[in-house]
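>>> give the three-dimensional model of this entry:
(chains A and B)
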2 protein chains.
Amino acid sequence: MLIRRASEMAGNPMTMDGVKDVEMRMLVGRADGAPTFSMRHFTVAPGGHTPHHQHNYEHEIMILEGAGEAQYGEAVHPVKAGDVLFIEPDVMHQFRNTSNDEFKFICLVPKQHDCGCDGMQPTPGS
Amino acid sequence: MLIRRASEMAGNPMTMDGVKDVEMRMLVGRADGAPTFSMRHFTVAPGGHTPHHQHNYEHEIMILEGAGEAQYGEAVHPVKAGDVLFIEPDVMHQFRNTSNDEFKFICLVPKQHDCGCDGMQPTPGS
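Predicted coordinates for the structure are as follows:
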């Protein structure tokens, strides 16, 4: 059985446009044989943020440590450890660390999504 | 945006055969419009356990609080808060609380799975 701990894994800096000071760790992904969805771990440094973007697949998120804010459409929600967020497809969103401590969360995505070209394609970062 | 905290939700006792002293909270599920997978929260009381069973879909799990053991096939693995487990399809598995404190984890499942009858069917508890 695959058992992993984010605290024992090396992080990979996210290099997408619009990202600032975010590391990713793949907890369970397509390379592990995940059939349907992937679990990723993100660490956002103080002042850092994920991209402000949208896509046609969902996120399911649990905040693990720290506090920050979630932009969702026009709204901004304060979020903290223990909060679970459902980001629906096709809504602009971003996660920002507005605190002085690291902000950590897991974010799950479907392994594939509709490519808009009569088929499915692999989800980035799955 | 849907924001939930397990600590602010009422738990539902699991009534499946082979379950002892387990409560479930649906964090993000099909009733919320989850397109692909569902996030459930489980609390296992001291001495309690989930069913010893298998099914043709996967689990992705993060242990949130406490410690226990995971039966996976013939092996028994000690697990504790922070561990992430990938339970592959078609492997017998069970989670047992061998401690004196509550054992809490999230467990994600695909929303649907192959029914073995030339189609897909809803996953129980999704």
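
>>> got the residues of chain A near chain B?
Residues of chain A found near chain B (C-beta under 8 Å from any C-beta of the partner chain) are A:1-7, A:27-28, A:32-37, A:39, A:57-58, A:60, A:62, A:70, A:72-73, A:75, A:77, A:79, A:82-89, A:91, A:106, A:108, A:110. For every residue, glycine as well, the C-beta is placed using N, CA and C.

>>> buried subset of these?
The neighbour-count criterion (16 or more other C-beta atoms under 10 Å in any protein chain shown) marks A:4-6, A:27-28, A:34, A:36-37, A:39, A:57-58, A:60, A:62, A:70, A:72, A:79, A:83-89, A:106, A:108, A:110 among these as buried.

>>> just to revisit the earlier point, now, the residues of chain A next to chain B that are in strands?
Within those, membership in strands is found for A:2-5, A:27-28, A:37, A:39, A:60, A:62, A:70, A:72, A:75, A:77, A:79, A:83-87, A:106, A:108, A:110, as judged by DSSP state E.

>>> and stretch A:16-32, how far out from the chain middle?
Its chain's average C-alpha position is 7 Å from that of stretch A:16-32, according to C-alpha atoms, centre = their mean, to the nearest Å.

>>> per-residue confidence at A:C115?
Looking at A:C115, its pLDDT reads 86.

>>> identify the residues contacting it.
A:Q121 (C-beta atoms under 8 Å, 6 or more residues apart in numbering or on different chains).

>>> how close does it sit to A:A6?
When C-beta to C-beta, to the nearest Å is the yardstick, A:C115 and A:A6 sit 30 Å from each other.

>>> give the contact list for the residue nearest the centre of chain A.
Central residue of chain A (C-alpha atoms, centre = their mean): A:C107, 3.8 Å from the mean position. By C-beta under 8 Å, 6+ apart, the residues touching A:C107 are A:R40, A:F42, A:H59, A:E60, A:I61.

>>> what's the most distant pair in those residues?
A:F42 and A:E60 (13.3 Å; C-beta to C-beta).

>>> low-confidence stretches in chain A?
Along chain A, no part satisfies pLDDT under 70.

>>> next up, phi/psi of A:G11, please.
Listed backbone geometry of A:G11 is phi -90, psi 150, with angles given as degrees, to the nearest 10.

>>> run a quick neighbour tally on it.
With neighbours defined by other C-beta atoms under 10 Å in any protein chain shown, the count for A:G11 comes to 13.

>>> what helix or strand is A:A45 located in?
strand A:37-49 (DSSP states H and E).

>>> how far off strand B:37-49 does that strand point, in degrees?
Taking axes from the mean of the first three to the mean of the last three C-alpha atoms, to 10 degrees, one finds that strand A:37-49 is oriented at 110 degrees with respect to strand B:37-49.

>>> pull out the buried residues from strand A:37-49.
Neighbour-count burial for strand A:37-49, counted by 16+ other C-beta under 10 Å, picks out A:F37, A:S38, A:M39, A:R40, A:H41, A:F42, A:T43, A:V44, A:G48, A:H49.

>>> show me the two of those that sit farthest apart.
The largest distance within the buried residues of strand A:37-49, taken as C-beta to C-beta, falls between A:F37 and A:G48 and amounts to 25.0 Å.

>>> ok so A:F95 is a strand residue?
Yes. Following the definition DSSP: H, G, I helix; E, B strand; the rest coil, A:F95 is counted among the residues of a strand.
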